[in-house]
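1. need a 3D model of the following:
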Amino acid sequence: MKTPYKDIYTVLKLNRFIVLAIVISAQIFSAFALWVTFTTNKKALNSAFAINTDGSIIPLKLVTQKENFQVEALAHLNLFHTYFYSIDATNYEKNLEKALWLGNGTVADLYRQKKADGVYNRLLQYSLVQKVISIESDIEEMDDHYRFRTTTVFEINRGSIVDTYELISTGKLITVDRHFPNNPHGLLITDYFENSLRKIVPES
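-> Model (predicted):
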């Protein structure tokens with residue numbers, strides 16, 4: 001007895017169905033894999049991890065990291081402006097050396113300009129005391145850096161006369177390797193510029 005052969009069209013339809021089923025399944029699995037990868041990457045970007053003392057992994061949210069950055073950035077700016085502007089005849093060299101560690105060439109250029117203008121010579125000649133009273137900074141997040149605007153109020157004591165000034169300065173902050181004790185916050189001031197300086201006249 002001869003074995004009956006299936007109709008060739010039936011076989012082709014079955015094969016086509018199997019191929020379509022495999023292709024559709026592959027596309028579904030590919031889409032699922034992409035979704036899992038995207039979700040995992042998104043979670044990773046919003047989280048960081050630290051090792052606890054017992055060896056367990058502790059998730060740290062990116063929001064917390066940004067909050068910590070704000071604190072460190074404000075501390076860095078406060079440190080720089082204190083070193084750069086709170087100076088007198090006895091400490092100005094030491095303070096300016098510390099300030100130069102916290103900024104890039106734009107800070108060094110400003111220092112050289114002030115030196116050429118005789119600012120530090122007058123400090124020595126007249127025994128002036130320049131003391132920072134307050135420092136307030138606003139920080140704005142950009143694409144790959146942070147922009148800041150700082151208002152520094154300082155006094156210049158000329159013996160019998162004390163004048164108060166308000167300085168507004170701007171610049172950017174970028175992250176660098178920490179260098180203790182010279183740069184404990186791991187930040188660097190770039191594009192530093194003194195925008196305005198005005199004498200504060202007390203109200204009569």
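2. which phi and psi does the nearest residue to residue 183 once chain neighbours are set aside have?
-> Distances taken as Cβ to Cβ, 6 or more residues apart in numbering place residue 101 nearest to residue 183, at 5.3 Å, with adjacent residues excluded. For glycine as for every other residue, the C-beta is placed from the backbone atoms N, C-alpha and C. The phi/psi pair for residue 101 (degrees, to the nearest 10) reads phi -70, psi -20.
3. for the protein, which segments are assigned as strands?
-> 47-51, 57-61, 87-88, 129-141, 146-157, 162-175, 187-200 (DSSP state E).
4. re earlier: what's the burial count for the residue nearest to residue 183?
-> A count of nearby residues for residue 101, using other Cβ atoms under 10 Å, gives 16.
5. do residue 19 as well
-> Residue 19: 10 surrounding residues under other Cβ under 10 Å.
6. likewise for residue 85?
-> 20.
7. out of the strands of the chain, flag the one nearest residue 114.
-> Evaluated over the strands of the chain, closeness to residue 114 peaks at strand 187-200, with 9.6 Å, by Cβ to Cβ.
8. OK, contacts around residue 114?
-> Residue 114 is in contact with residue 120, counting by Cβ atoms under 8 Å, 6 or more residues apart in numbering.
9. what pLDDT does it get?
-> With respect to pLDDT, residue 114 has a value of 96.
10. distance of the residue nearest to residue 183 from residue 85?
-> Using Cβ to Cβ, to the nearest Å, residue 101 is found at 16 Å from residue 85.
11. cool, residue 122 as well?
-> 15 Å.
12. picking that back up, hang on, the residue nearest to residue 183 packs against residue 184?
-> No - here residue 101 does not reach residue 184: they are 9.8 Å apart, not a contact under Cβ atoms under 8 Å.
13. the longest helix in the protein is where?
-> helix 8-45 (DSSP state H).
14. how about low-confidence regions in the chain?
-> Scanning the chain for pLDDT under 70 picks out 1-9, 11-12, 41-67, 204.
15. on that earlier part again, need the contact list for the residue nearest to residue 183.
-> By Cβ under 8 Å, 6+ apart, the contact list for residue 101 reads 179, 182-183.
16. PyMOL command for the buried members of the residues you listed?
-> A single PyMOL command selects the buried members of the contacts of residue 101 (16 or more other Cβ atoms under 10 Å):
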select buried, resi 183
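17. in CSV: the contacts of residue 101, plus distance to residue 70.
-> Listed next are these as CSV, based on distance: Cβ to Cβ, whole Å:
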residue, distance to residue 70
179, 21
182, 22
183, 18
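18. now residue 70, nearest residue through space, not along the chain?
-> Nearest non-adjacent residue to residue 70 (Cβ to Cβ, 6+ apart): residue 139, at 6.3 Å.
19. next one: the one you found from residue 189, what distance?
-> Relative to residue 189, and taking Cβ to Cβ, residue 139 is found at 12 Å.
20. same thing with residue 22?
-> 60 Å.
21. what about the residue nearest to residue 131 when sequence neighbours are not counted, how many neighbours?
-> Leaving aside its sequence neighbours, residue 131 sits nearest to residue 155 (Cβ to Cβ, 6+ apart; 5.1 Å). Using other Cβ under 10 Å, the number of residues around residue 155 comes to 16.
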